[in-house]
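Colleague: Here you go, sequence then predicted model.
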Amino acid sequence: MEISWFLFFVWCTTQLVTGFDLGPVVRIAQCRSQCLRKHTSDGICDWYSEQQQQTTCSMCPACQTACTYRKTRIEEKYLPSMLPAPKKAPLDLDKFDVAVVMRKLYKQWRVAGYYPGERTPNLRPDTWIIVAMENGMKHYSWEEWVPKLESLKEGPLYEAIISWKDVQTQLQKQRSQQQVRFNNRVRQFFLEKYGEKVLAEWRSQEDSQISDDIFRRFFFRRKDDRSEDDLEADNAPSTSNAYNDRIDLKDRLEGKESYVVSWEPETGGLMGNQVTDSNCAQISLLPGTKYLVRIASNDGPGSFPIEVDTTPSFVQVKRIKPPIQVLYFWHIYAGFGCTVIFVTGFMLAKIYKKDKIAAENV
């Protein structure tokens, strides 16, 4: 019995340390996108009604699509490293796309809601948005960090050493810049709304204080503070709770985070992957190609790509030195002779002109 429990624990560990599974999230988003595409013309579902709970699959086309999708779709594992390179805001969604908002809470990615293309969510700090499209998947990440090309050695295959040792430094810098921008917006809002009032009170020398409510809103407002309307998502039943519970189990069992170094030609083509559990890796690249290299993670969106160029440079720019002029003695004599001839000719012409004028006067 103890051996059985041990084998079960080992199986769970090997399944979960490789990264949390996005499969349930992706399948739900793809199914909703398929329903919107088949049963709506503008991306808004028309089948939500009071009789929805009383319908059967044969009566409700939208339910029929969901049931067919559930029966025919293979429940394969979908790791975050299988996603393409992330994109930056703003989001570009088709009306039939479905966006899944993931929010990072206590170092865990949680499903915050599903949004159709007509209700495009905002990419906020510590937010990751995965989009199900008709022809695949894409995702948007607020965490903008890139790896570093340490060295590139030429040869039959170019050997590139990629590192990502300063990820937290890059993210901390991004958060600091975001905080500065937020503080500037709050100050600008405060000045525009209350500046004239404060100035008028100061000019009248009245000793009135700012209300406690305004004081708290200005000095203690959080950067993710927003209304409930902004947080509104699709309230249809989903499996997000069970999914989040599985993430909790994964976080308890996971060990060291693993990364996937991914590279592909800039113009498209065969993609290469290399798994590592360190923050540095060496990859081999074909010569004469521009590659996009990024660090994919099975625990999040990963990095944005960098360009690694293995195209040889055939053009060599050299500084052209002016030739050194050698001065000989005969150059001096020739120059002196030319000067004498010029002066003599000038004097003769002047004398001739003077004699001609004198003859005319006589």
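Modeller: Now that the structure is in, tell me what you want to look at.

Colleague: Correct me if wrong, but Q34 is in a helix.
Modeller: Yes - counting by DSSP: H, G, I helix; E, B strand; the rest coil, one finds Q34 located in a helix.

Colleague: need the contact list for it.
Modeller: Q34 makes contact with T65, Y69 under the criterion C-beta atoms under 8 Å, 6 or more residues apart in numbering. C-beta here means a position set from N, CA and C on the backbone, and glycine is covered the same way.

Colleague: From P90, how far out is it?
Modeller: According to C-beta to C-beta, to the nearest Å, Q34 and P90 sit 25 Å apart.

Colleague: got the residue ranges for the helices in the stretch 51-200 of the chain?
Modeller: For the stretch 51-200 of the chain, the helices defined by DSSP state H, counting those that start in this stretch cover 61-72, 167-203.

Colleague: buried sites along the first one?
Modeller: Read it as helix 61-72. Buried residues in helix 61-72, counting neighbours by 16 or more other C-beta atoms under 10 Å, are found at A62, C63, Q64, T65, A66, Y69.

Colleague: go on, the longest one?
Modeller: By neighbour count on 16+ other C-beta under 10 Å, the buried set for helix 167-203 is V167, Q170, F182, F190.

Colleague: Which one, of the helices of the stretch 51-200 of the chain, ends up nearest to W109?
Modeller: For these, the distance to W109 is smallest for helix 167-203, at 15.0 Å, taking C-beta to C-beta.

Colleague: mean confidence score for the closest one?
Modeller: Averaged over helix 167-203, pLDDT sits at 78.

Colleague: do the same with stretch 275-291
Modeller: Averaging pLDDT along stretch 275-291 yields 90.

Colleague: Quick check: buried residues in it?
Modeller: Buried residues in stretch 275-291, counted by 16+ other C-beta under 10 Å: A281, I283, L285, T289, Y291.

Colleague: Can you tell me who the second one pairs with across the strands?
Modeller: Meaning I283. Beta bridges link I283 to A160 when assigned by DSSP bridges.

Colleague: for it, what are its contacts?
Modeller: I283 neighbours (C-beta under 8 Å, 6+ apart): E159, A160, I162, V261, W263, G272, Q274, V293.

Colleague: Narrow the residues you listed to those in strands?
Modeller: With DSSP state E as the criterion, strands contain E159, A160, I162, V261, W263, G272, Q274, V293 from among the contacts of I283.

Colleague: Reformat those as CSV; add neighbour count and distance to T310.
Modeller: CSV is the format used below for those (neighbours: other C-beta atoms under 10 Å; distance: C-beta to C-beta, whole Å):
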residue, neighbour count, distance to T310
E159, 13, 10
A160, 21, 8
I162, 25, 14
V261, 22, 16
W263, 22, 11
G272, 15, 13
Q274, 14, 17
V293, 23, 11
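
Colleague: Could you work out the end-to-end span of stretch 156-172 for me?
Modeller: The first residue of stretch 156-172 is 39 Å away from its last residue (C-alpha to C-alpha, to the nearest Å).

Colleague: can you list the residues that contact it?
Modeller: Residues contacting stretch 156-172 (C-beta under 8 Å, 6+ apart): 143-153, 259, 261, 279-287, 293, 295, 303, 308, 310.

Colleague: One more pass at 6 Å, please.
Modeller: Stretch 156-172 is contacted from outside by 143, 145, 147-148, 150-153, 279-285, 287, 295, 308, 310, using C-beta atoms under 6 Å, 6 or more residues apart in numbering.

Colleague: which regions of the protein sit below the pLDDT cut-off?
Modeller: Applying pLDDT under 70 to the chain flags residues 1-19, 42-62, 195-256, 313-331, 358-362.

Colleague: Quickly list the domain ranges of it.
Modeller: Taking the TED database as the reference, the chain has its domains at 16-141, 153-164+257-310.

Colleague: Dump those domains into a markdown table; add distance to K354 as well.
Modeller: Shown next, in a markdown table, are these (distance: least, C-beta to C-beta, whole Å):
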| stretch | distance to K354 |
| --- | --- |
| domain 16-141 | 89 |
| domain 153-164+257-310 | 79 |
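
Colleague: Among the ones you listed, which comes closest to R175?
Modeller: It is, among the domains of the chain and with distance given as C-beta to C-beta, domain 16-141, at 7.0 Å.

Colleague: ok so, going back, which one of the buried residues of stretch 275-291 is nearest T267?
Modeller: Distance to T267, by C-beta to C-beta, is smallest for T289 among the buried residues of stretch 275-291, at 8.6 Å.

Colleague: measure the closest one to K87 for me?
Modeller: According to C-beta to C-beta, T289 and K87 sit 23 Å apart.

Colleague: swap in K353?
Modeller: Going from K353 to K87 by C-beta to C-beta gives 88 Å.

Colleague: same thing with E307?
Modeller: Taking C-beta to C-beta, one finds E307 at 16 Å from K87.

Colleague: Compare these two (neighbour count), which wins?
Modeller: Neighbour count, other C-beta atoms under 10 Å: between E307 and K87, K87 has more, with 17 against 10.

Colleague: so the more buried one bridges to which residues?
Modeller: Applying DSSP bridges to K87 gives these bridge partners: Y140.
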